[in-house]
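Q: Give me the fold of what follows.
(one chain, ligands or ions: 1)
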Amino acid sequence: MEQAWARLGSVHLAGTTAQRVLLAWCLLVLTLLGNSAWPLSGQTQQRLDISVVSLGAAAQRRGRIYGAAVSQQALEDRDFRSLLLQQVRSMTPENALKWEVVEPQRGHFDFRQGDALLRLAKRHGLEMRGHTLVWEQQEPAWLQTVASSDLRTILKAHIERVVGHYRGQLRSWDVINEPLADDGSGLRRHRWWRALGPEYIDLALEWAHQADPGARLLINEYGLEAQTPAAAVKRRALLALLRDLRRRNVPLHGIGLQAHLQAGPDGGRYDELVGFLKQVQALGLEIQITELDVDDRQLPGDPALRDRLVAAEYDSFLAAVLSNPAVRQVTTWGLSDRYTWLNSQSPRSDGRGQRALPFDEALRAKPAVAVMRERFAKAASAAVSRRDRVATEQSTQEESDGIEGANAVLLQQGVLR
Ligand code: XIL
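A: Below you'll find the model as predicted:
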């Protein structure tokens, strides 16, 4: 803005007052549009970083989408909800689209929670992710009792109905969740695999593609990020699977790296991950970070120290992944420690709460927030397809009315970028 006015100041304006005013506005708009293609000046950037720029806006400047997973419980918390709407450009239903919620009885579908979240997302110009279709967890009890020979029909009906219900409204779906065995031996031999063979992956992707040809279809996996032998074998197994699917033209558009990170001795190093992401990118696949959080069980109790070490983990991880333009989206699994799944899944032995997310349990920004904003600001611009660019501009336009104060101005600048 200051640059724009400064440039205007040096232009000699001729003609009538009305013409001059019109010309000045045109120049201002053109200058802002011009600025939008470049990073902000150092001074402006610094002022934004220390004040109000949201994580979502910071990511958007580099063509990335920042989002968070949300639970029903968290959504009912008004303060949390305001923070969420201020910070994110995308929401993932933490549980609302899982099989046990969506099809609690065979053939009886319940989209109430998912629909409510989608309405909220649309009202605020945000996108919603689809999570998830084929997973061996959080399945309804009835699914365990049906004959294996019925599973193919059941899976097809489920995918057609759920993906069809949201057709044209979700940019991406985690179609296959956690398909790989932890020992690197290949596919996890769960019930779907046993009943349908490895083709269950092809079938699910094809059915999802038919139900919503515009949706980006992902395989979402955990345990791939660390610089450990266990993660290395899993990365190899995933690459083999991806190459096979691409070779056979199965409709797969990307991968989700869950990124449930562990701070501690195994953390902090991600150069092997950078190499892996390049290989995924070379296959023409999009990459999303779908469930980022930092488990701090291995860190000492002191909260301030933990916050610094957790922030350092976010820092090295984001530096690594955001160097790759195929990384389109970063989603944290929650936004505030008030609602992290880790407190039930992996509680600390000292009884203190996990400090895994950018905001603390009082909804205050922790050091991780500044680190994330900085990493988004320094990131290479993402490879954004034309279709996505149009969609983002439209949604940002719709949203701009709904956000108050300084954030609205900053987000509008985001639109011009
Ligand atoms: C978790 C939710 O956060 C919890 O609320 C639920 O009880 C269990 O599932 N990988 C995934 C997510 O793909 O769906 C999981 O979410 C976390 C691990």
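Q: Now do the residue of the stretch 251-400 of the chain found nearest the ligand: how many residues are near it, please.
A: Closest approach between the stretch 251-400 of the chain and the ligand, counting by C-beta to the nearest ligand atom: W341, at 3.4 Å. Backbone N, C-alpha and C define where each C-beta goes, glycine included. W341 has 18 neighbouring residues, counting by other C-beta atoms under 10 Å.
Q: Around the ligand, which positions in the stretch 251-400 of the chain sit nearby?
A: Residues of the stretch 251-400 of the chain lying near the ligand by C-beta under 6 Å from any ligand atom: 258, 291, 341.
Q: Spit out the contact partners of the second one.
A: Pointing back at E291 there. 69, 92, 220, 222, 256, 258-260, 331-333 (C-beta atoms under 8 Å, 6 or more residues apart in numbering).
Q: Can you pull the phi/psi pair for it?
A: Dihedral pair for E291: phi -140, psi 40, per degrees, to the nearest 10.
Q: For the ligand, give me its nearest residue in the stretch 1-150 of the chain.
A: For the stretch 1-150 of the chain, C-beta to the nearest ligand atom, closest residue to the ligand: E94, 4.8 Å.
Q: Tell me which stretches of the stretch 1-150 of the chain form helices.
A: Taking DSSP state H, counting those that start in this stretch as the test, the helices found in the stretch 1-150 of the chain are 2-9, 17-36, 42-50, 55-60, 72-75, 78-87, 99-102, 112-123, 141-145.
Q: should've said the stretch 251-400 of the chain
A: Going by DSSP H, counting those that start in this stretch, the stretch 251-400 of the chain shows helices at 271-282, 303-321, 342-345, 367-378, 386-399.
Q: Spatially central residue in this structure, please.
A: Closest to where the C-alpha atoms of the chain average out (C-alpha atoms, centre = their mean) is T331, at 2.9 Å.
Q: That residue bridge partners, please.
A: Beta-bridge partners recorded for T331 (DSSP bridges): G67.
Q: I'd say it and D293 touch.
A: No: at 10.0 Å, T331 does not count as touching D293 under the criterion of C-beta atoms under 8 Å.
Q: The closest residue to R352 other than its chain neighbours: how many residues sit nearby?
A: Nearest-residue entry for R352: G301, 5.7 Å, with adjacent residues in sequence omitted and distances by C-beta to C-beta, 6 or more residues apart in numbering. By other C-beta under 10 Å, the residues close to G301 number 12.
Q: Could you check the pLDDT of the residue nearest to the centre of the chain?
A: Looking at T331, its pLDDT reads 99.
Q: what's the answer for the one 3 residues further on, then?
A: At G334, the model reports a pLDDT of 98.
Q: who touches it in this structure?
A: 68-71, 74, 94, 293, 340-341, 356-357.
Q: now those as CSV including pLDDT?
A: Below are these laid out as CSV (pLDDT from 0 to 100):
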residue, pLDDT
A68, 98
A69, 98
V70, 98
S71, 98
A74, 97
E94, 98
D293, 98
T340, 98
W341, 98
A356, 98
L357, 98
